[in-house]
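Novice: predicted model and sequence follow; I will ask about them next.
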Amino acid sequence: MSSLPGTQETTDCLDIARIRQDFPALHQAVNGWPLVFLDSAASSQKPRQVLDLMDGLYRSTYANVHRGAYCFSQRSTDLYEQARAKIATFIGAESPDRIVFTRNATEALNLLAYSYGRTFLQPGDEIVLTELKHHANYLPWLQLARERDLTIKLIPLAADGTLDLSSLDELLTPRVRLV
């Protein structure tokens with residue numbers, strides 16, 4: 001597989017070419033170039049390991065999690081809880097109970113904005129976002145700000161496109177409740 005211009009196939013930490021091999025959807029070319037999929041917040045491509053597990057579950061054990069006393073439901077629940085425990089260990093969470101699965105990042109951000117925001121944010125509170133915000137991470141906060149009379153403040157970009165963190169001291173006021 002050829003490299004995209006200006007990219008490296010291998011970095012000090014990640015073997016990008018090896019990782020790409022795990023994703024069947026990335027084995028195709030678009031307009032003569034290897035596919036690069038950038039819409040992962042809403043619909044990420046799945047590696048073959050995940051696809052194989054999903055296929056196996058759909059063929060042999062598919063059932064609602066935490067919803068039944070029958071064999072398939074109990075097996076699905078056990079697998080689900082094992083996944084939560086593995087993720088909790090991987091990210092250093094206090095407990096698997098701290099892990100909440102959502103379908104995608106957009107749903108997760110909406111859940112955070114509307115559950116946390118409507119419970120804890122009061123008129124006059126402030127939210128700090130970046131100028132690099134994706135609309136999926138901006139619209140829920142904008143709607144919440146309008147609904148609850150909140151202020152959204154933005155970390156600006158530097159000339160090179162990185163975040164200009166020199167403004168944090170003035171942005172992080174006592175009214176900031178979420179960054």
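Specialist: Great, that's in hand.
Novice: ok, residues contacting stretch 40-55?
Specialist: Stretch 40-55 is touched from outside by 22-26, 37, 104-106, 134, 136, with contacts defined as CB atoms under 8 Å, 6 or more residues apart in numbering. C-betas here are computed from N, CA, C, even on glycine.
Novice: sketch out the low-pLDDT regions of this protein for me.
Specialist: Within the chain, the segments meeting pLDDT under 70 span 1-12, 41-42.
Novice: quick one, domains of it?
Specialist: For the chain, the structural domains run 16-98, 105-171, going by the TED database.
Novice: pick the one among the contacts of stretch 40-55 closest to D149.
Specialist: Nearest to D149 among those: A136, at 22.9 Å, using CB to CB.
Novice: I figured the closest one hits A108, correct?
Specialist: No - shown here, A136 and A108 do not form a contact pair, counting by CB atoms under 8 Å, at 9.7 Å.
Novice: burial count for R59?
Specialist: Neighbourhood size, R59 [other CB atoms under 10 Å]: 8.
Novice: for it, helix, strand, or coil?
Specialist: Under the three-state scheme (DSSP: H, G, I helix; E, B strand; the rest coil), R59 adopts helix.
Novice: for the closest residue to P156 other than its chain neighbours, give its distance to L157.
Specialist: Distances taken as CB to CB, 6 or more residues apart in numbering put D164 closest to P156, at 4.8 Å, once the chain neighbours are dropped. When distance is defined by CB to CB, to the nearest Å, D164 is 6 Å away from L157.
Novice: grab the most central residue of the chain for me.
Specialist: The centroid of the chain falls nearest to A105 when counting by CA atoms, centre = their mean (3.9 Å).
Novice: host element of the closest residue to S95 other than its chain neighbours?
Specialist: Nearest in space to S95, with sequence neighbours left out and distances taken as CB to CB, 6+ apart, is A88 at 6.3 Å. Per DSSP states H and E: A88 is located in helix 71-91.
Novice: could you look up the next helix or strand downstream of that helix?
Specialist: Taking DSSP H and E, what comes next after helix 71-91 is helix 105-111.
Novice: what's the separation between the residue of the chain most remote from its centre and N64?
Specialist: Distance from the C-alpha centroid of the chain, by CA atoms, centre = their mean, peaks at Y70 (32.5 Å). Using CB to CB, Y70 is found at 10 Å from N64.
Novice: ranking the domains of the chain by burial, who's on top?
Specialist: domain 105-171 (a mean of 14; mean count of other CB atoms under 10 Å).
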